[in-house]
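Enquirer: Let me see the structure of the following:
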Amino acid sequence: MVEQGTHKPLAGGSNPPSATNPSPLDELATLVDAGARSLDLPDRLPMLLAVSGGTDSMALLHGTAHLVATSGRQWQLRVAHLDHQLRATSPEDAAFVADAAAALDLPCELRRTDVAALARAEGRSIEDAAREARYRFFAEATPPGGVVATAHTADDDAETVLLNLLRGAGLSGARGIPPRRGAVVRPLLGARRATLRGLLDGAGLAYREDPSNADRAHLRNRVRHEVVPLLEELRPGAVDRIGRFARLAADDDALLDEMAARDLADRRTPDGGVDWRHPPVPALARRVLRLAIGHPAPSAERVEALVEAAAGERGGVRIELGAGRAATVRERVMWFEP
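Expert: Sure, this is the predicted structure:
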């Protein structure tokens with residue numbers, strides 16, 4: 001279903017936003033600008049806008065285009081859309097995004113990927129395969145020296161924190177969605193989804209609703225439609241408070257990562273082993289070992305098995321770590337394969 005506005009998507013006029021009576025487009029631009037400033041994004045920057053056609057990404061598209069049109073920002077904007085081929089109407093979504101980009105005089109790159117086939121081939125869930133396909137596409141489409149902007153919001157961040165906690169994640173999972181990871185930036189991470197929808201409606205701008213977002217068979221959708229509203233009812237402002245908790249957790253997590261890296265460097269033996277004769281405290285021990293093992297991170301159960309083996313008196317213990325990797329422990333020194 002498409003929710004139509006009263007006119008075609010526009011980039012906005014050439015006059016600066018009014019400080020006394022800002023339009024909805026002005027307010028969208030202000031949200032993007034605030035996020036960009038928090039990320040220290042320079043005024044001259046190639047920027048790929050990841051646009052699905054939904055509420056949040058259309059807010060990102062129109063807010064960013066309006067900001068460039070009415071301010072000193074000189075970002076070189078491009079639009080990217082990935083058709084996951086999961087719904088019969090997905091080509092209509094792609095056409096909708098292409099039309100919106102054309103109305104704003106922005107170049108648009110479209111790509112189609114059979115995400116269901118990718119999930120089967122790589123042994124992933126549909127959600128994980130879709131995310132992997134999107135970021136592969138964005139990495140290839142981002143101009144050299146540029147960034148890709150995604151439209152994640154404060155609601156997405158809160159949902160992610162809650163889902164990670166439900167899965168039993170530690171501090172790394174509690175940090176939520178990072179505002180920036182490599183070339184990926186999220187200037188709307190501090191904005192609420194309802195605010196963006198209200199501004200789009202107020203500006204008469206169209207967006208498309210993905211019907212799968214209403215399917216409560218998916219855990220994220222149940223958290224979105226049931227858990228988060230209940231938390232907001234019990235404690236208004238819950239989403240913002242969860243976001244603050246995630247930012248505090250991210251600071252603590254980054255500090256522990258630095259400590260773990262220094263500790264691991266001190267434990268390296270001349271033959272490439274990791275000396276565990278005087279192990280660190282448990283909270284740091286797990287982190288040191290995950291860092292020594294590398295990406296992808298092993299399961300918590302495998303890390304705990306390695307901690308126990310390294311602390312024991314037995315020699316020649318071998319622990320499988322997944323992804324073709326293993327650790328051998330001899331006399332409280334461990335070596336990793338490959």
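Enquirer: Give the phi and psi angles for residue 75, as a check.
Expert: phi -70, psi 140 (degrees, to the nearest 10).
Enquirer: tell me the contacts of it?
Expert: 41, 43, 44, 45, 46, 47, 64, 68 (C-beta atoms under 8 Å, 6 or more residues apart in numbering). Where you see a C-beta, it was placed from the backbone N, CA and C, and this is true even at glycine.
Enquirer: which intervals of the stretch 1-150 of the chain have sub-threshold pLDDT?
Expert: For the stretch 1-150 of the chain, applying pLDDT under 70 flags the ranges 1-20.
Enquirer: I meant to write the stretch 201-338 of the chain there.
Expert: 314-315.
Enquirer: can you give me the strands for it?
Expert: For the stretch 201-338 of the chain, applying DSSP state E, counting those that start in this stretch gives strands covering 207-208, 274-275, 317-322, 325-330, 333-337.
Enquirer: So which elements touch the host helix or strand of residue 157?
Expert: Element membership of residue 157, judged by DSSP states H and E, is helix 154-166. On a contact count with 3 or more C-beta pairs under 8 Å, 6 or more residues apart in numbering; DSSP states H and E, helix 154-166 meets helix 171-174, helix 193-203, helix 219-222, helix 228-234, helix 238-267.
Enquirer: Quick one: work out the angle between that helix and helix 238-267.
Expert: On the basis of axes from the mean of the first three to the mean of the last three C-alpha atoms, to 10 degrees, helix 154-166 is oriented at 60 degrees to helix 238-267.
Enquirer: Nearest approach to residue 95 belongs to which of the helices and strands packed on helix 154-166?
Expert: Among the helices and strands packed on helix 154-166, helix 193-203 comes nearest to residue 95, with 18.9 Å by C-beta to C-beta.
Enquirer: Residue 124 and residue 132 touch, don't they?
Expert: Yes: using C-beta atoms under 8 Å, residue 124 makes contact with residue 132 at a distance of 6.8 Å.
Enquirer: Doesn't residue 87 belong to a strand?
Expert: No: the assignment for residue 87, made by DSSP: H, G, I helix; E, B strand; the rest coil, is coil rather than a strand.
Enquirer: re earlier: tell me which of the helices and strands packed on helix 154-166 is the most buried.
Expert: helix 193-203 (a mean of 19; mean count of other C-beta atoms under 10 Å).
Enquirer: how about residue 320, what does it touch?
Expert: 302, 326.
Enquirer: What residues are bridge-paired with it?
Expert: Beta-bridge pairing for residue 320 (DSSP bridges): residue 326.
Enquirer: Please work out the angle formed by the directions of the helix holding residue 157 and helix 193-203.
Expert: 160 degrees.
Enquirer: what's the distance between residue 209 and residue 251?
Expert: 36 Å (C-beta to C-beta, to the nearest Å).
Enquirer: quick one on the thing from earlier: among the strands of the stretch 201-338 of the chain, which comes closest to residue 136?
Expert: Across the strands of the stretch 201-338 of the chain, closest to residue 136 is strand 317-322 (C-beta to C-beta), at 22.1 Å.
Enquirer: got the CA positions of that closest one in CSV?
Expert: Provided in CSV are the C-alpha atoms of strand 317-322 (Å, rounded to 0.1, in the frame of the first residue of the first chain):
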residue,chain,number,x,y,z
VAL,A,317,43.1,-29.7,25.4
ARG,A,318,41.5,-28.7,22.1
ILE,A,319,38.4,-26.5,21.8
GLU,A,320,36.5,-26.1,18.6
LEU,A,321,35.6,-22.5,18.0
GLY,A,322,33.5,-22.7,14.8
